[in-house]
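Asks: When you get a sec, could you give me coordinates for this:
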Amino acid sequence: MKFPIIMSSLIAGLFCWNCQAQPKFETLDNEGFAEVLKDTTVQLVDVRTPEEFAEGHIPDALNINVMDENFIDLAISSLDRKRTVAVYCRSGRRSKTAAGELAKEGFKVVELEGGFLGWNGPKTKPENTESPR
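Replies: From the prediction side, this is the model:
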């Protein structure tokens, strides 16, 4: 009779430990993300590639490519841990990865649900990459 109770306790303990080990960040919808961006101390980071960034981004975003092998080093050298970091990518997958990595390093992080594709706030226009005629 004691064996099932002990096993249940062990399994519950493992789940609890696993939950605590996960870095914490918040995923926000468009309205929540836009509200966070009203705070001028928030650091806005686009974690897409430089090519994607050049095709348009949220104004005032800093581009730090999460796929770059030096992502964390670049983020640590560019961002202030005392200020909130708001991250986004194209659709929300890479930003979750970036948010987790940044949170693990002690940053307070929020990320945009649905990424740039779902963003209905202000956007920059694509940069002109054509040479003048």
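Asks: and P50, what is it in contact with?
Replies: Listed by C-beta atoms under 8 Å, 6 or more residues apart in numbering, the contact set of P50 reads N63, N65. Glycine gets a C-beta too; all of them are placed from N, C-alpha and C.
Asks: Going by residue numbers, what spans are helices in the chain?
Replies: Using DSSP state H, the helices of the chain run over 2-21, 30-37, 50-54, 71-78, 93-104, 115-118.
Asks: Let's see the fifth one as PDB, backbone CA atoms only.
Replies: Coordinates of each C-alpha in helix 93-104 appear next as PDB, following Å, rounded to 0.1, in the frame of the first residue of the first chain:
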ATOM      1  CA  ARG A  93       8.800  29.900 -32.400                       C
ATOM      2  CA  ARG A  94      12.200  31.500 -32.300                       C
ATOM      3  CA  SER A  95      11.100  34.200 -29.800                       C
ATOM      4  CA  LYS A  96      10.100  31.500 -27.300                       C
ATOM      5  CA  THR A  97      13.600  30.000 -27.700                       C
ATOM      6  CA  ALA A  98      15.200  33.400 -27.200                       C
ATOM      7  CA  ALA A  99      12.900  34.300 -24.300                       C
ATOM      8  CA  GLY A 100      13.800  31.100 -22.500                       C
ATOM      9  CA  GLU A 101      17.500  31.600 -23.100                       C
ATOM     10  CA  LEU A 102      17.400  35.200 -21.900                       C
ATOM     11  CA  ALA A 103      15.300  34.400 -18.900                       C
ATOM     12  CA  LYS A 104      17.800  31.700 -18.000                       C
END
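Asks: Pull out the buried positions in it.
Replies: R94, S95, K96, T97, A98, A99, G100, E101, L102, A103 (16 or more other C-beta atoms under 10 Å).
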